[in-house]
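> starting from these lines, generate the structure:
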Amino acid sequence: MLKLRLLLLSLLLGGCATSLPQVTQQASYRLPAPSHSPLHQAFAPLVDEQSGLSGVYPISDGREALLIRLLAANQAVSSIDLQTYIYRGDDTGRALLWSLWQAAERGVRVRLLLDDMQSGKDDGLSMLNQHPNIQVRLFNPFTHRQWRSLEMLTSFDRTNRRMHNKSMVVDATLAVTGGRNIGDEYFAANQQVSFGDFDVMLLGPAVIETASQFDRYWNSDYAIGVEHLISQKEAISTSKVTREFADIIKQDQLKQQAYIGSLRDTPLVKHLSEETLPLYWGEIHVAADAPEKAAVQSDTPTLMVDALSHYFEDTKHDLLLVSPYFVPGDEGVNGLAELVKQGVRVQVLTNSLAATDVVAVHSGYEGYRQPMLEAGIELWETKRLPGLEPGAWNASSQASLHAKTMVFDGKVVFVGSFNLDPRSAHINTEMGVFIHSDALATAVQAGLEGTLEQIAYKLSLEQGHLRWHDLETGTVLDSEPDAGFWRRFGAWFLQWLPIEDQL
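Just a heads-up that it's a prediction; the model follows:
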């Protein structure tokens, strides 16, 4: 009887599997950079002086990351294209959305391409999509909007594949890309949770490459307009929405006065006011997986893996890897070990168990620490801020590394969405930029290495046992630092589950 029930259940679930809706949509592409755009007038002369090179402004400060996005949106006169994995409906998310709405009211074309992993936003997305100058598409969407959990179960192979890319292109003149999603925790506006992340602002040819990546995703069969997915309840009055939206923003501003004041104190504001923005120039290659990677049982080449492999293979002296979620697998460990044998110094910075926001990923990483240390790979794990007691299973860490950055031989910097784990390699779509600039590579590596002792523990092996060294205090620990019993138990328990290929 039990076998019969299981058979019937499997048939039922299999019969409920969903596919993407077949819809007809009008293709659209980036608009040319308008000569009257304030952004174009400010940056085009600088780009013209550089003979085909691209400009980079590195963004490690979360406040600057938000400020650049807001300023660019507020200066837009032609087009804004925004692509992201997560878009929170919190203070910073609303602030950016308000800038996008105001831009649309000025006649700017706004295209929003969002991954559909978040729920509870259908009414807001439908409202936005009704604005004549705003188009919203969802990547690999859930087709049964009220039954997302069931659809995740019945169509797991499809719905498990997500768009992890992040980009913003304004007036085909300025682009921002990197590891940040849209939300308070990514912009240093959440006092409970903060993600240390890294973006870059791009100028020049790299902007066009970023825009082309956006267009490929926007016009793919996997990006579906919300009008085909969400029932429109009633026509909106844009003027009414504008008034109500403005009232909400005023309330947010009153609540976030201290944060808004801190935005004015960022180095970016000083640089812009004095016209001394420090830019790095070099050849930049924008790499991105094909959107078809989202296909079930996809045989689409993993373009990001191929691009990264090329740089790994060419490394001769020094390799610095920063990845919040680091599950190298046996193949990755062997590859890094081979580099060490060839004389390459390999350093890895990732989250500690106490600092990680995904315990399951740490459980997949733990088993690879010993073989990496035995191979001569240098491992560092971030400390958590004092005053926080992380739970056993949840993601509530006050300060968690979220940047995905690599430095190859002090010459090339990678910044993007790609984590060194199976999910980025084989399941999600990813993107990133390879920046050929000795000056930037030196600055990034020196800046990170100069703070490692303050922000992270260095791992070692003593008689086959792991040790965590706090080089700032001289303390040596013999168990996961700052992680309580239940969090350690949670990580241990998850190691027994066959989930590594999903991490």
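> where does the residue nearest to Asp215 when sequence neighbours are not counted land on pLDDT?
Counting by Cβ to Cβ, 6 or more residues apart in numbering, the nearest residue to Asp215 once its immediate chain neighbours are dropped is Tyr29, at 5.0 Å. Any C-beta I mention is one placed from the backbone N, CA and C, and that applies to glycine too. Reported pLDDT at Tyr29 in the predicted model: 97.
> next one: Tyr29 from Val47, what distance?
Between Tyr29 and Val47 the distance, using Cβ to Cβ, to the nearest Å, works out to 21 Å.
> have a look at these two and say which one is more surrounded.
Remark: of Tyr29 and Val47, Val47 carries more neighbours, 20 against 12, as counted by other Cβ atoms under 10 Å.
> that older thread, now do the SS call for the residue nearest to Asp215.
coil (DSSP: H, G, I helix; E, B strand; the rest coil).
> separation between it and Arg216?
The value you get for Tyr29 to Arg216, if Cβ to Cβ is used, is 10 Å.
> contacts only, for Met304.
Residues in contact with Met304, defined by Cβ atoms under 8 Å, 6 or more residues apart in numbering, are Ala287, Ala288, Asp289, Gly416, Phe418, Ser424, Ala425, Glu430, Met431, Gly432.
> now do stretch 22-29: distance to the chain's middle.
Its chain's average C-alpha position is 26 Å from that of stretch 22-29, according to Cα atoms, centre = their mean, to the nearest Å.
> His131 contacts Trp101, doesn't it?
Yes. His131 is in contact with Trp101 according to Cβ atoms under 8 Å; the separation is 7.3 Å.
> so what's the gap between the strand ranked longest in the chain and the chain middle?
Here the longest strand in the chain is taken by residue count, with DSSP state E as the criterion, and it is strand 280-288. When distances are taken as Cα atoms, centre = their mean, strand 280-288 is centred 18 Å away from the chain's centroid.
> helix or strand right after it?
Sequence-wise, the next helix or strand downstream of strand 280-288 (DSSP states H and E) is helix 303-314.
> next secondary structure element downstream of that next one?
Moving toward the C-terminus from helix 303-314, the next helix or strand (DSSP H and E) is strand 318-322.
> now for whichever helix or strand comes after that following strand, which elements pack on it?
With elements assigned by DSSP H and E, the helix or strand that comes after strand 318-322 is helix 329-341. With contacts defined as 3 or more Cβ pairs under 8 Å, 6 or more residues apart in numbering; DSSP states H and E, helix 329-341 has these neighbours: strand 345-351, helix 369-374.
> export only the CA atoms of the longest one, formatted as CSV.
Read that as strand 345-351. This file holds the C-alpha atoms of strand 345-351, laid out as CSV (Å, rounded to 0.1, in the frame of the first residue of the first chain):
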residue,chain,number,x,y,z
ARG,A,345,51.1,31.5,-3.7
VAL,A,346,47.4,30.8,-3.3
GLN,A,347,45.4,32.7,-0.6
VAL,A,348,41.6,32.2,0.0
LEU,A,349,39.3,34.4,2.1
THR,A,350,35.9,33.1,2.9
ASN,A,351,33.3,33.2,5.7
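> okay, buried residues for it please.
Residues of strand 345-351 classed as buried under the neighbour-count rule (16 or more other Cβ atoms under 10 Å) are Val346, Gln347, Val348, Leu349, Thr350, Asn351.
> what sits closest to the second one if chain neighbours are left out?
Yep, that's Gln347 we're talking about. Excluding its sequence neighbours, the residue lying closest to Gln347 (Cβ to Cβ, 6+ apart) is Glu378, at 4.5 Å.
> number of nearby residues for that neighbour?
Other residues close to Glu378 by other Cβ under 10 Å number 17.
> for it, what are its contacts?
Going by Cβ under 8 Å, 6+ apart, Glu378 touches Arg345, Val346, Gln347, Val348, Lys458.
> identify the bridge partners of the fourth one.
Bridge pairing for Val348 (DSSP bridges) gives the partners Leu321, Leu379.
> list the residues that contact it.
The neighbourhood of Val348, defined by Cβ under 8 Å, 6+ apart, consists of Leu321, Val322, Ser323, Phe326, Leu336, Met372, Ile377, Glu378, Leu379, Trp380.
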